[in-house]
Structures are given as C-alpha cells and as structure tokens.
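**Student:** fold the following.
(one chain, ligands or ions: 1)
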Amino acid sequence: MNKTIAERFKRIRGNIAEACARAHRDPRGVRLIAVTKTVDVSTIRNVLELGHADLGESRVQEMVQRNAMIKESISRKLELPDTAQDHRLTQPCWHMIGHLQRNKVKLLLPIVEYIHSVDSLRLAEEINTTAARLGFNHKVKIFLQVKTSQEKQQTGVAVGAVIALAEQIMTLPNLQIVGLMTIAPLTDDMNICRFCFGRLREIFEEMHGEKTCGPHFRHLSMGMSHDYIAAVEEGATMLRIGTALFE
Ligand SMILES: *Cc1c(COP(=O)(O)O)cnc(C)c1O
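**Tutor:** Residues are numbered from 1 along each chain as shown. This is a model prediction of the structure:
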C-alpha cells in the first residue's frame with residue numbers, strides 16, 4: 001500500500017517535472033497537495049511517513065477529526081525510543097479546499113494553514129474576527145476562489161468581481177491573500193480546462209501588476225487529477241490531487 005502511494009507520488013512528480021520543462025518552469029515552484037477526503041486515516045499516516053506534509057480536505061469536521069487522530073499518533077511515536085522510530089510521521093500542513101460555512105470557521109482556524117475557498121466578504125470577515133478572538137498573532141492565509149467557467153455547479157467569485165473583493169479583504173488586518181484558486185470543469189477536453197487556468201492566471205497577473213494584494217500574493221491553486229498537467233503548463237503553484245494518488 002505504502003509502496004504504491006510512493007510510486008504514484010513519484011509518477012505524478014515526474015509528470016510535473018516534464019510539464020515544468022515544457023513551460024520553462026522550476027519544478028520546486030509547484031507544490032502538491034494530497035487530497036485525502038476519500039481515504040482513511042491509516043492511508044494519511046502512510047502519506048506522512050513518506051515525508052509529505054501537504055494535505056487537503058473539503059470538510060471541516062473531517063479535517064478536525066483526522067488531525068486529532070494524527071496528532072495522537074505523532075505524540076505516541078515521540079514517546080518511543082529513537083530505535084523504534086523508523087516510521088516517523090511528518091507534521092501535517094492542512095489545506096481547506098471545499099466550500100466553507102461561516103459557523104465552521106471557529107473549528108477550522110486552530111488547525112488549518114491555507115484556506116483555498118474564500119468567495120465572499122462575509123466569510124472573510126468571519127475569518128478575520130475569529131482570528132482576533134482566538135488571539136492569533138499571525139495572519140490567516142487565504143485564496144480567493146474564482147468562477148472561471150459558466151458551469152452551473154462551479155462556485156466562486158465572478159471574474160469581474162475578484163479585484164473589488166480583494167481590495168475589501170485587504171482592509172481586514174488578520175488575513176493575508178496568498179493567491180487565487182479555481183476548479184476547472186470535469187471534462188476530458190483540456191482546452192476547456194486550459195482556458196479556465198489561463199483566465200485565472202490573467203487575473204492573477206493583473207492583480208500582481210497593480211499590487212492589489214501585497215508581497216505574499218504569489219500562488220495559483222489550480223489543477224486536479226484529470227487536469228494537473230495542463231494546470232502546471234498554465235502556471236499552477238499548488239495542485240490539489242486525490243484520485244490520481246489514491247484511487
Ligand atoms: C476533491 C477535490 C480535489 C481533488 O480531486 P481529484 O480529482 O480526486 O484529484 C481538488 N480540489 C477540490 C476543491 C476538491 O474538492
């Protein structure tokens with residue numbers, strides 16, 4: 001099991017490296033998030049044993065439960081003598097990638113590192129006030145999720161509203177906008193996915209040029225199992241991959 005996951009990581013990293021070469025990019029600029037929403041905790045432990053820290057979940061409750069179980073495994077291992085620790089677990093770095101309800105923010109903030117799915121001022125304000133209430137002395141790192149296709153089920157901020165939303169969010173002291181995120185349609189037609197990714201990159205470049213979001217604004221979270229190669233070619237810096245790693 002562990003071996004298979006290791007092999008899949010290797011294969012995906014190889015594909016990423018090839019796509020980077022075609023696009024004249026440095027593969028170190030592409031971060032792979034293992035989306036664990038469909039797997040059990042023992043598989044997550046395997047991923048962490050491989051030294052891979054970035055994990056993505058789309059539901060707060062599950063991230064919280066899984067994090068607690070993993071933290072317990074880590075502390076149990078720390079109590080063992082050094083000789084028994086060949087299967088050390090890396091500390092997880094959690095990415096919230098699914099739709100986020102305001103009433104879940106309080107549970108999420110203590111454990112999450114990146115929130116990829118901010119799509120309204122009301123949600124941003126909730127994160128901002130909750131961070132203050134929790135006494136955070138760091139800013140919460142967020143992405144604005146953008147709707148780059150006409151698909152009915154696609155969520156996110158409309159392309160034409162992104163900059164105005166970013167400007168409003170920039171007035172909130174406890175948030176840091178680190179980038180933009182999008183989900184391309186689930187299709188085999190890579191031209192459609194590529195169009196969405198290119199659109200996201202154009203908005204990103206415009207905001208970058210205008211310095212809308214400050215120096216931490218440098219990420220494009222785009223690309224899943226079916227379209228990550230196109231995403232890398234279009235400039236993705238974070239890929240969210242589940243099925244291709246765990247199917
Ligand atoms: C599930 C999910 C992914 C991973 O999808 P795969 O096709 O399994 O790689 C990526 N992003 C989001 C927002 C998801 O919900």
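**Student:** from here on, just use CA atoms for contacts and neighbour counts.
**Tutor:** OK.
**Student:** what about the strands in the protein?
**Tutor:** 31-35, 54-57, 93-96, 112-118, 140-147, 157-158, 175-181, 219-221, 238-241 (DSSP state E).
**Student:** to the ligand, which of those lies closest?
**Tutor:** Between the ligand and those, the shortest gap by C-alpha to the nearest ligand atom is with strand 238-241, which sits at 3.6 Å.
**Student:** give me the mean pLDDT for the closest one.
**Tutor:** For strand 238-241, mean pLDDT is 98.
**Student:** tell me how far that strand lies from the chain's centre.
**Tutor:** Between the centre of strand 238-241 and the centre of its host chain there is 6 Å, according to C-alpha atoms, centre = their mean, to the nearest Å.
**Student:** can you tell me which helices and strands that strand packs against?
**Tutor:** Helices and strands touching strand 238-241, by 3 or more C-alpha pairs under 8 Å, 6 or more residues apart in numbering; DSSP states H and E, are strand 31-35, strand 219-221, helix 228-233.
**Student:** can you rerun that using 6 Å?
**Tutor:** Packed against strand 238-241 by the contact rule (3 or more C-alpha pairs under 6 Å, 6 or more residues apart in numbering; DSSP states H and E) you find strand 31-35.
**Student:** would you list the strands of the chain in CSV and tack on distance to the ligand and mean neighbour count?
**Tutor:** CSV is the format used below for the strands of the chain (distance: least, C-alpha to the nearest ligand atom, whole Å; neighbours: other C-alpha atoms under 10 Å):
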stretch, distance to the ligand, mean neighbour count
strand 31-35, 6, 23
strand 54-57, 7, 24
strand 93-96, 8, 22
strand 112-118, 8, 23
strand 140-147, 10, 24
strand 157-158, 14, 18
strand 175-181, 9, 24
strand 219-221, 9, 26
strand 238-241, 4, 24
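**Student:** can I get these in JSON lines including distance to residue 202?
**Tutor:** Formatted as JSON lines, those follow (distance: least, C-alpha to C-alpha, whole Å):
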{"stretch": "strand 31-35", "distance to residue 202": "20"}
{"stretch": "strand 54-57", "distance to residue 202": "25"}
{"stretch": "strand 93-96", "distance to residue 202": "24"}
{"stretch": "strand 112-118", "distance to residue 202": "18"}
{"stretch": "strand 140-147", "distance to residue 202": "12"}
{"stretch": "strand 157-158", "distance to residue 202": "14"}
{"stretch": "strand 175-181", "distance to residue 202": "11"}
{"stretch": "strand 219-221", "distance to residue 202": "11"}
{"stretch": "strand 238-241", "distance to residue 202": "17"}
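**Student:** right, so of those strands, which gets closest to residue 208?
**Tutor:** Ranking those by proximity to residue 208 (C-alpha to C-alpha) places strand 175-181 first, at 9.7 Å.
**Student:** strand partners (parallel or antiparallel) of the closest one?
**Tutor:** strand 140-147 (parallel), strand 219-221 (parallel) (DSSP bridges).
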